[in-house]
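> The sequence isn't on hand, but the structure is:
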């Protein structure tokens with residue numbers, strides 16, 4: 001089982017698409033408690049689960065593992081970098 005998806009990432013993706021856990025469960029043909037456990041990180045995801053969520057949320061599988069906050073911090077750090085040209 002894979003469980004390195006940032007906490008709240010699945011929930012953020014679900015909420016961005018205005019879906020409930022029950023709706024996601026129905027679309028993925030799983031129990032809503034399983035969706036809840038995936039989102040909380042208390043249950044790991046199989047490679048098949050990852051593919052299902054990625055298809056549902058219309059993202060690449062690797063994007064599930066990216067925390068948008070980390071990308072934002074990285075962009076902010078790069079914008080603070082001063083370049084000196086000679």
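Looks like it arrived, so ask away. Values in this document were obtained by computation on a predicted structure and should not be read as measured data. Residues are numbered from 1 along each chain as shown.
> Which parts of the protein are helices?
9-16, 21-28, 32-40, 47-57, 68-80 (DSSP state H).
> Which of the ones you listed comes out lowest on mean pLDDT?
The minimum mean pLDDT among those belongs to helix 68-80 (a mean of 59).
> Now do the same contact list for the nearest residue to residue 21 once chain neighbours are set aside.
Counting by Cβ to Cβ, 6 or more residues apart in numbering, the nearest residue to residue 21 once its immediate chain neighbours are dropped is residue 35, at 4.5 Å. Glycine gets a C-beta too; all of them are placed from N, C-alpha and C. Counting by Cβ atoms under 8 Å, 6 or more residues apart in numbering, residue 35 touches 21, 24, 25, 28.
> what sits against the residue nearest to residue 4 when sequence neighbours are not counted?
For residue 4, ignoring the flanking residues on the chain, the nearest one in space by Cβ to Cβ, 6+ apart is residue 65 at 6.0 Å. Counting by Cβ under 8 Å, 6+ apart, residue 65 makes contact with 4, 5, 6, 9.
> Check the spacing between residue 65 and residue 9 real quick.
8 Å (Cβ to Cβ, to the nearest Å).
> still on that earlier bit, can you give me the distance of the residue nearest to residue 4 to residue 33?
From residue 65 to residue 33 the distance is 23 Å (Cβ to Cβ).
> Repeat that for residue 14.
With Cβ to Cβ as the criterion, residue 14 and residue 33 are 15 Å apart.
> next one: residue 49
14 Å.
> and the closest residue to residue 28 other than its chain neighbours, how many neighbours?
Nearest in space to residue 28, with sequence neighbours left out and distances taken as Cβ to Cβ, 6+ apart, is residue 52 at 5.2 Å. Using other Cβ atoms under 10 Å, residue 52 has 18 other residues around it.
> Can you give me the distance of residue 52 to residue 60?
Taken as Cβ to Cβ, the span from residue 52 to residue 60 is 13 Å.
> which residues touch residue 53?
Contacts of residue 53 (Cβ under 8 Å, 6+ apart): 10, 13, 28, 38, 45, 64.
> Okay then, goodbye and thanks.
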